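In: Attaching a predicted model along with its sequence, questions to come.
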Amino acid sequence: MATVLQQKCPNCGGAVEFDADSQRLKCPYCDTEFDISEETENVANLVEKSDWSSTGAEWSQGETDGMSVYICNSCGGEIIADESTGASTCPYCDSPVVMKGQFSGTLRPDLVIPFKFDKKAAKDALKKHFKGKKFVPKGFLSDNKIDEIKGVYVPFWLFTCDTYFEGVYTGKKIRRWSDSRYNYTEISEYKFYRNGNISFDNVPVDASVKMDDALMESLEPYDLSQAVDFNTAYLSGYIADKFDLSADDSVNRVNERIKNTAESEFEKTIVGYTGVSPETSAMNIPDGFYKYALYPVWLLNVTWEGKVYPFAMNGQTGLFVGDIPTNKKLAWLVGLLGGAVAGLASYFIAFLAGLF
């Protein structure tokens, strides 16, 4: 049976890993590189689910050999890895994880975007993210502890559809004038009706309960043109999160994203007015479908003064996100000094104006 996650080097017999730089499998022992097999069995299995259908396929026989599931004792997350992976901590909450058992019984991903950046690049991006930031507490950059950096394939549902949208908007025109006694403002309010069709391709919604939706969306966009048909070899050396949020459970989230985008796009057609905003809107998705994909994310946790600060990097584009603690006392002092300087400047200008 195939044991793709533990694929052996043809030269020395060592376990190989997927190399982000070369986009090939590489042996860490003898540096031998070779291409990933393109043999896949991706048979469409269309399943009707409300207004959305799936293009997912089942795992082929033997494809999941050597794959295990680890479960986090704290957040309950399930992480897919090969049997030799040192998955001793959860990539999300950093709590210890234990081996649950063999991987089985879930939908096979359609696509995967391979990692383009390695662990060193993620660590360098973290340092660059700190650089130039104001009001960072003294000692944070030098005294912080960078915990283990983990490369994780995060599960996503990709929704594609043609949407019929209609909405009512309000807009204003403001005219101002003055005479010898008064200043006048005339506000005229207008209503606009817009409707039409708009297409959406591969709108992503993360399929992990553990991942914050806002955090994942802040890592967008990904270039899906660089996605490849799923092959378990891309998981070598990384961890793959098992989806715990179904496509049906994600429909409300994707509908919200689609509706907000449609409202914004149709709003752009109303020009020459101020304060344009949607009043009411509705949409209809008569027939849509979704795919299952894995996106590359580097997760980094930084511990400082007993508190953990999470950071993330898009493993394809290198986009880095995460909140850095602020020295509130320093920020308050600078704001106070800035206000005092502005006040003195205003007083000085007023004083000079009185003299002349």
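Out: Done, it's in.
In: quick one: pLDDT of the nearest residue in space to residue 151 that is not next to it in sequence?
Out: With sequence-adjacent residues excluded and distances taken as C-beta to C-beta, 6 or more residues apart in numbering, residue 151 is closest to residue 238, at 4.4 Å. The way it works is simple: take the backbone N, C-alpha and C, and place the C-beta from them, glycine included. On pLDDT, residue 238 comes in at 81.
In: Number of residues surrounding residue 238?
Out: 24 (other C-beta atoms under 10 Å).
In: My understanding was that residue 116 contacts residue 295; is that so?
Out: No - using C-beta atoms under 8 Å, residue 116 is not in contact with residue 295; the gap is 11.7 Å.
In: Overlap of the contact sets of these two?
Out: 315-316 (C-beta atoms under 8 Å, 6 or more residues apart in numbering).
In: Settle it for me: which of these two has more neighbours?
Out: Neighbour comparison, residue 116 and residue 295: the larger count goes to residue 295, with 24 against 17 (by other C-beta under 10 Å).
In: Name the helix or strand for that one, please.
Out: strand 288-304 (DSSP states H and E).
In: so the very next helix or strand once past that strand versus strand 288-304, what angle?
Out: The helix or strand immediately downstream of strand 288-304 is strand 307-314, counting by DSSP H and E. For strand 307-314 against strand 288-304, the angle by axes from the mean of the first three to the mean of the last three C-alpha atoms, to 10 degrees is 140 degrees.
In: Would you indicate which residues of strand 307-314 are buried?
Out: Going by neighbour count (16 or more other C-beta atoms under 10 Å), the buried part of strand 307-314 is 309-314.
In: got TSV for the residues you listed, with pLDDT and distance to residue 177 too?
Out: Shown next, in TSV, are the buried residues of strand 307-314 (pLDDT from 0 to 100; distance: C-beta to C-beta, whole Å):
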residue	pLDDT	distance to residue 177
309	79	54
310	82	55
311	87	54
312	91	53
313	93	54
314	95	52
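In: Closest to residue 203 out of the residues you listed?
Out: Nearest to residue 203, judged by C-beta to C-beta, of these is residue 314 at 17.0 Å.
In: Just confirm the closest one contacts residue 217, I think it does.
Out: No - counting by C-beta under 8 Å, residue 314 does not reach residue 217; the two are 11.4 Å apart.
In: contacting residues around residue 316?
Out: Residue 316 makes contacts with 113-117, 222-223, 226, 295-296, as judged by C-beta under 8 Å, 6+ apart.
In: what does residue 269 give?
Out: With C-beta under 8 Å, 6+ apart, residue 269 has these contacts: residue 194.
In: three-state assignment of it?
Out: When classified by DSSP: H, G, I helix; E, B strand; the rest coil, residue 269 comes out as coil.
In: Phi, psi for it please.
Out: Torsion angles at residue 269 (phi, psi; degrees, to the nearest 10) stand at phi -80, psi -10.
In: CA atoms only: put stretch 222-240 into PDB for me.
Out: What follows is stretch 222-240, C-alpha atoms only, in PDB (Å, rounded to 0.1, in the frame of the first residue of the first chain):
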ATOM      1  CA  TYR A 222      -4.300  33.800  -2.100                       C
ATOM      2  CA  ASP A 223      -3.500  33.100  -5.700                       C
ATOM      3  CA  LEU A 224      -5.700  30.200  -6.600                       C
ATOM      4  CA  SER A 225      -4.100  29.900 -10.100                       C
ATOM      5  CA  GLN A 226      -1.100  28.400  -8.300                       C
ATOM      6  CA  ALA A 227      -3.200  25.700  -6.600                       C
ATOM      7  CA  VAL A 228      -2.600  22.100  -7.700                       C
ATOM      8  CA  ASP A 229      -4.700  18.900  -7.500                       C
ATOM      9  CA  PHE A 230      -4.400  17.600  -4.000                       C
ATOM     10  CA  ASN A 231      -1.700  15.100  -3.300                       C
ATOM     11  CA  THR A 232      -0.700  13.900   0.200                       C
ATOM     12  CA  ALA A 233       2.900  14.400  -0.700                       C
ATOM     13  CA  TYR A 234       2.500  18.200  -0.200                       C
ATOM     14  CA  LEU A 235       1.700  17.400   3.500                       C
ATOM     15  CA  SER A 236       5.200  16.000   4.100                       C
ATOM     16  CA  GLY A 237       6.900  18.000   6.800                       C
ATOM     17  CA  TYR A 238       3.800  20.000   7.600                       C
ATOM     18  CA  ILE A 239       0.600  19.600   9.600                       C
ATOM     19  CA  ALA A 240      -2.900  19.600   8.000                       C
END
